[in-house]
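> Starting from these lines, generate the structure:
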Amino acid sequence: MYIKFWRSYGEDKKDEANGKLSSDLSVELEGEKGKQSEVNTFSGKQTEGNIRLYRAVCLFLTIICLILLLVVIVLSTKLCTEREETAPAERKPSPFAPTCSQEECQALFPNIQPQHLGCRQCANGWLTFGTSCFYLSTFRLSWDESQRNCSSRGGALAVVSNKRVQSFLTTKGKMQYWIGLRQKGAKWSWVNNAVLQESFWADPTSEGNCGVLDTESPPEKNWDRASCELSSYFICQLHL
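This next block holds a predicted model:
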């Protein structure tokens, strides 16, 4: 009977110990689950905070990009407007601006070199100046005969259109030469029907209806008048 009691008592203790162990294990498992739940909750909150921060940064950068794009558009529009306002004054000449021939423009801007003449060159015995060839004769003819001689060569009696041509012909010549200047009525005009504007008349002049260039006098005043029937050397001009 004692042995039976002891055995029964041992089994009760054993059951009690097993129950306590199970209870402790359950408490530990529940504690672990609680800790794991807290960790998961913290991680979730941290991830959600990172997402919100990322979205805020993206939104801020997007706003900055839009502002910069707007500034670029405004500056480009302003620049185009300024160019359109200044372009007409630079490109379009005034309708009241004076015009000039090539020789006159060369006289105003002597440092500008004329364009290359290409394959066209002055013939032997002709002098090149600007865009023209000049022939100083070595024989004498009347004014009309001189004009016909120049026409047969493809040109006409010389037209002195500016001071540069005047100085050039005075320097190259050694005689008195007919030039393409003749009086018609009360006016003097050139062979190309241009009315005389700038002149280099000597003081005083002789009588006559045709113009003579005297290369032995200063270029400022070396034109003289002579009868068109007289024989004189002459200067032909051919435009290239």
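> Which stretches in the chain count as strands?
Using DSSP state E, the strands assigned to the chain run over residues 127-129, 132-136, 156-157, 176-184, 187-190, 210-214, 223-226, 233-239.
> Check which helices and strands the first one is in contact with.
The elements that strand 127-129 packs onto, with contact taken as 3 or more CB pairs under 8 Å, 6 or more residues apart in numbering; DSSP states H and E, are strand 132-136, helix 163-172. For the C-beta atoms, the positions are set from N, CA and C on the backbone; glycine is no exception.
> again with the shortest one
Helices and strands touching strand 156-157, by 3+ CB pairs under 8 Å, 6+ apart, are helix 143-152, strand 176-184, strand 233-239.
> Of those, which is nearest residue 83?
strand 233-239 (39.8 Å; CB to CB).
> Just the buried positions in that closest one, please.
233, 234, 235, 236, 237, 238 (16 or more other CB atoms under 10 Å).
> Please name the bridge partners of the fourth one.
Each beta-bridge partner of residue 236 is listed here, defined by DSSP bridges: residue 135, residue 157.
> Ends of stretch 155-174, what's the gap?
One end of stretch 155-174 sits 21 Å from the other (CA to CA, to the nearest Å).
> Same check on stretch 167-177?
Stretch 167-177: ends 14 Å apart by CA to CA.
> Can you pull out the residues in contact with it?
If you take CB atoms under 8 Å, 6 or more residues apart in numbering as the criterion, stretch 167-177 is touched by 127, 129, 134, 136-137, 158, 160, 179, 212-219, 222, 224, 232-235.
> pLDDT of it, averaged?
Here stretch 167-177 scores 95 as its mean pLDDT.
> residues of it that come out buried?
For stretch 167-177, the buried set under the neighbour-count rule, 16+ other CB under 10 Å, comprises 168, 169, 170, 173, 175, 176, 177.
> rewinding a little: make TSV from the strands of the chain and add distance to residue 74 to it.
TSV is the format used below for the strands of the chain (distance: least, CB to CB, whole Å):
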stretch	distance to residue 74
strand 127-129	57
strand 132-136	56
strand 156-157	63
strand 176-184	63
strand 187-190	60
strand 210-214	66
strand 223-226	66
strand 233-239	55
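> Low-confidence regions, the protein specifically.
Within the chain, the stretches with pLDDT under 70 are 1-45, 84-120.
> give me the number of residues near residue 122?
Under the neighbour criterion other CB atoms under 10 Å, residue 122 is assigned a count of 16.
> need the contact list for it.
With contact taken as CB under 8 Å, 6+ apart, residue 122 is in contact with 128, 133, 238, 240.
> Same question for residue 203.
residue 221.
> hang on, the earlier thing: out of the contacts of residue 122, the closest to residue 47 would be?
Checking these against residue 47 by CB to CB gives residue 240 as the nearest, at 87.8 Å.
> For residue 46, find the nearest of the helices and strands packed on strand 156-157.
strand 233-239 (92.5 Å).
> Give me the residues contacting that closest one.
In contact with strand 233-239 (CB under 8 Å, 6+ apart) are residues 122, 126, 131-141, 143, 146, 149-150, 153-159, 169, 173, 175-180, 213.
> repeat for stretch 142-160
With contacts defined as CB under 8 Å, 6+ apart, stretch 142-160 is touched by 133-135, 137, 141, 165-166, 169, 177-182, 190-192, 194, 200, 210, 213, 228-232, 234-239.
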